[in-house]
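Asks: Got a sequence here, can you build the structure:
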Amino acid sequence: MALILLKDMVEQEGQVQVAKRIGCHQTAISLAVRKNRVIHLEIEDGKVTSGYEIKPAFGLPFKNEDPLSIESLSTAKNK
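Replies: Have a look, this model is predicted:
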C-alpha cells in the first residue's frame with residue numbers, strides 16, 4: 001500500500017488518466033487541484049483503493065502540510 005497526494009499523482013500522470021483511475025470526471029480533478037485540496041489516495045497493486053481529504057475546521061487557520069509526514073509526527077511527539 002502506498003499513499004500519494006492527488007496533486008502529485010496529477011503531476012505524474014495527468015488529470016485525464018487520474019480521473020479514469022479514480023472513476024470520476026476530469027473536471028472534478030481540475031477543480032480539486034485548482035482549489036489546492038489536500039487529498040490523499042491509497043494505491044494497492046496499481047489501483048486507487050481509497051482516498052481521504054484533510055481540510056480546515058471550525059474556521060480555524062489551516063496549515064497546508066501533510067500531518068502524516070515523518071517531520072510532522074516527530075515534531076508533535078517533541079511538544
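Asks: ok but Phe62 is inside a strand, no?
Replies: No. Under the criterion used here (DSSP: H, G, I helix; E, B strand; the rest coil), Phe62 is coil, not part of a strand.
Asks: shouldn't it be in contact with Pro56?
Replies: Yes. Using CB atoms under 8 Å, Phe62 makes contact with Pro56 at a distance of 3.6 Å. Where you see a C-beta, it was placed from the backbone N, CA and C, and this is true even at glycine.
Asks: any chance you could map the strands in this protein?
Replies: 2-5, 38-44, 47-54 (DSSP state E).
Asks: Which among those is found nearest to Leu31?
Replies: Nearest to Leu31 among the strands of the chain is strand 38-44; the distance by CB to CB comes to 11.2 Å.
Asks: Buried residues, that closest one. List them.
Replies: Within strand 38-44, the residues that count as buried by 16 or more other CB atoms under 10 Å are 38-41, 43.
Asks: Partner strands of it and their direction?
Replies: Note on strand 38-44: by DSSP bridges, its sheet partners are strand 2-5 (antiparallel), strand 47-54 (antiparallel).
Asks: From the structure, what's the count of residues near Lys47?
Replies: Neighbour count for Lys47, taken as other CB atoms under 10 Å: 8.
Asks: for the protein, which spans come out with low pLDDT?
Replies: The model of the chain has pLDDT under 70 over residues 64-79.
Asks: residues touching the closest residue to Arg37 other than its chain neighbours, list them.
Replies: Distances taken as CB to CB, 6 or more residues apart in numbering place Glu53 nearest to Arg37, at 6.0 Å, with adjacent residues excluded. Listed by CB atoms under 8 Å, 6 or more residues apart in numbering, the contact set of Glu53 reads 37-40.
Asks: who does Glu53 bridge with?
Replies: Ile39.
Asks: now it: how far from Gly46?
Replies: Distance, Glu53 to Gly46, using CB to CB, to the nearest Å: 22 Å.
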